[in-house]
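>>> Pasting the sequence and the predicted model now:
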Amino acid sequence: MTIRGNWAWVLAIALVVSLGLNVFALGAFAAWRHMGPPRFGGGFERGMDRETAEAARQYFRSAFRAHRDEIREAGRAIRDARRQAADTMRAPMLDEAALNRDLGAVHEATAKAQETFDKVLIEAARAMPDDLRRKVDWKFIGRRGRHAGRHGGGHGSGPEDDSPPN
């Protein structure tokens, strides 16, 4: 089937405009990724200069790798405990004793995960040279979650936290 006449011109113009918009969008996205906001500065690197963070990163990676299985198990334990507590909350009749037991399990799993995290920090700090250890901004310790420094999350949102506002 061949399209002729005005419809052919309309279709050709629509295809050219569509192609132009797609190329423009791709170029804008590429420019934003290349020249947009810096991707550096998340996680433990937030309060440090790039040189310090890059030097410290190898020590943190090594410590996390050494405790990888413990970290994964702690995460699974927290997830399972939370799931069990949520199931208890959804039950037709609220069993407060079971809920207290399940919430206690969540607290225990969270405390165990914190102990594991503390071991990782101690191991990383022990392996670092003293001058690097003193330059690391350790305020990230009190923050929770992977992106706690963003969107006001974590424990460090009070007046005693001197981190920059988001």
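Noted; the coordinates are in hand.
>>> in the lengthiest helix in the chain, what counts as buried?
For the chain, the longest helix by residue count, based on DSSP state H, is helix 96-127. Within helix 96-127, the residues scored as buried using 16 or more other CB atoms under 10 Å are 102-103, 105-106, 109-110, 113, 116-117, 120-121, 123-125. From N, CA and C alone the C-beta is placed, and that goes for glycine too.
>>> For the next helix-or-strand element following that helix, which outside residues touch it?
Moving toward the C-terminus from helix 96-127, the next helix or strand (DSSP states H and E) is helix 130-135. Contact with helix 130-135 is made by 48, 52, 55, 56, 59, 125, as judged by CB atoms under 8 Å, 6 or more residues apart in numbering.
>>> Can you identify each of the helices in the protein by residue range?
6-35, 50-66, 68-90, 96-127, 130-135.
>>> which stretches of the chain aren't confidently modelled?
Applying pLDDT under 70 to the chain flags residues 1, 36-47, 140, 142-166.
>>> Now with 80, please.
1-4, 32-50, 53, 137-166 (pLDDT under 80).
>>> Can you tell me how far the residue nearest to residue 128 when sequence neighbours are not counted is from residue 121?
Closest residue to residue 128 apart from its sequence neighbours, by CB to CB, 6 or more residues apart in numbering: residue 59 at 5.0 Å. Between residue 59 and residue 121 the computed distance is 10 Å (CB to CB, to the nearest Å).
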